[in-house]
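Student: Quick check, what structure comes out for this input:
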Amino acid sequence: MECYLHIPAFFGSHEDLMPAALVGAARAYKGYGDTDRAERAALELLDRYPATLEATQAKKEFNL
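Tutor: Numbering: from 1, shown residues only. As a prediction, the model looks like this:
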């Protein structure tokens with residue numbers, strides 16, 4: 001989880017890194033059993049970066 005949180009903290013201006021960081025964070029939260037945070041991260045990804053491969057993956061993985 002820490003690795004995914006480093007991206008927005010240290011590289012937030014690099015928009016190309018954010019979709020992978022958000023889907024990775026969502027997967028990590030899901031792995032921890034925190035389904036609410038996992039869904040919020042996935043929804044943020046879909047809202048901010050809807051046309052990315054990661055958004056497509058998140059839709060399938062999180063049934064969104």
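Student: C-alpha only now, for contacts and for neighbours.
Tutor: Will do.
Student: Return the residues in contact with residue 22.
Tutor: 4, 41, 42, 44, 45 (C-alpha atoms under 8 Å, 6 or more residues apart in numbering).
Student: Give me the buried entries from those.
Tutor: Buried members of the contacts of residue 22, scored by 16 or more other C-alpha atoms under 10 Å, are 4, 41, 42, 44, 45.
Student: Just the ones of these in helices?
Tutor: The helices, defined by DSSP state H, take in 4, 41, 42, 44, 45 from the buried ones among the contacts of residue 22.
Student: The last one against residue 23, yeah?
Tutor: Just to be clear, that refers to residue 45. Yes: contact criterion C-alpha atoms under 8 Å: residue 45 and residue 23 qualify, at 7.0 Å.
Student: that older thread, and the contacts of residue 22, which is closest to residue 58?
Tutor: Closest to residue 58 out of the contacts of residue 22 is residue 42 (6.0 Å), distances taken as C-alpha to C-alpha.
Student: sorry, back to before: closest to residue 57 out of the contacts of residue 22?
Tutor: residue 42 (9.6 Å).
Student: Show the backbone phi and psi for residue 34.
Tutor: phi -90, psi 80 (degrees, to the nearest 10).
Student: what does residue 62 give?
Tutor: With angles defined as degrees, to the nearest 10, residue 62 sits at phi -110, psi 10.
Student: For the residue nearest to it when sequence neighbours are not counted, give its distance to residue 27.
Tutor: Nearest non-adjacent residue to residue 62, counting by C-alpha to C-alpha, 6 or more residues apart in numbering: residue 39, 7.0 Å away. Distance, residue 39 to residue 27, by C-alpha to C-alpha, to the nearest Å: 9 Å.
Student: more crowded one of these two?
Tutor: The neighbour comparison of residue 39 against residue 27 (other C-alpha atoms under 10 Å) goes to residue 27, with 23 against 19.
Student: Name the residues of the helix or strand harbouring that one that are buried.
Tutor: Here residue 27, judged by DSSP states H and E, is contained in helix 18-32. Under the neighbour-count criterion of 16+ other C-alpha under 10 Å, helix 18-32 has 18-30 buried.
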